[in-house]
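K.L.:
coords please:
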Amino acid sequence: MSASDALTLGKEERISSRKLIDMLFNGGQSRSMVAFPLRLVYMENVREGACPPAQLLVSVPKRCFKRAVKRNRVKRQVREAYRHHKHLIWNVLPADRQLALAFIWLDDRLYDTAEVEQRVASLMERLAEKVTGSQR
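P.N.:
Below you'll find the model as predicted:
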């Protein structure tokens, strides 16, 4: 990871492909883990071209928060936490592999930013361990 990529979250790092989203949630290759109030669904693919090593999707259901302001706040917290901890995955992922990540909010109450960041960091560390374990 270069210094310019260190703490950014660009457009190319977000999942926008309907095909990739369908593969992530409907394909049989994805796995998940939970650090309440977040669930991480991830899938490893072959990296194509100049794609980033990991792409991100954040989902906060309307069932959890009826008001868009609260949903947007939670999404912002999760994106910020991912941005600070993405190096955990980027440093261990092989050059020919790519991860598709989806963070899904599970609870109907708001959390402090520090607590959300702690949960995201926990998920990222566990995912890094799984990725390095699958390489062996």
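
K.L.:
middle-most residue in the chain, spatially?
P.N.:
Centroid-nearest residue in the chain, with Cα atoms, centre = their mean: Leu101, separated by 3.9 Å.

K.L.:
please, which helix or strand holds that one?
P.N.:
If you go by DSSP states H and E, Leu101 is part of strand 97-105.

K.L.:
may I see the buried residues of that strand?
P.N.:
By 16 or more other Cβ atoms under 10 Å, the buried positions in strand 97-105 come out as Gln98, Leu99, Ala100, Leu101, Ala102, Phe103, Ile104, Trp105. To be clear about C-beta, it is placed using only N, CA and C from the backbone, and glycine gets the same treatment.

K.L.:
and these, which is closest to Ser17?
P.N.:
Closest approach to Ser17 among those (Cβ to Cβ): Ala100, at 9.2 Å.

K.L.:
which stretches of this structure have low pLDDT?
P.N.:
1-6, 135-136 (pLDDT under 70).

K.L.:
now with 90?
P.N.:
1-10, 27-28, 47-51, 95, 131-136 (pLDDT under 90).

K.L.:
my guess is Glu115 is in a helix, correct?
P.N.:
Yes: counting by DSSP: H, G, I helix; E, B strand; the rest coil, Glu115 falls inside a helix.

K.L.:
number of nearby residues for it?
P.N.:
13 (other Cβ atoms under 10 Å).

K.L.:
shift numbering so it begins at 19
P.N.:
Sure, I'll start numbering at 19, so the last one becomes Glu133.

K.L.:
check which helices and strands the strand or helix carrying Tyr60 sits against.
P.N.:
Following DSSP H and E, one finds Tyr60 within strand 56-64. Judged by 3 or more Cβ pairs under 8 Å, 6 or more residues apart in numbering; DSSP states H and E, strand 56-64 is in contact with helix 36-44, strand 49-53, strand 115-123, helix 131-153.
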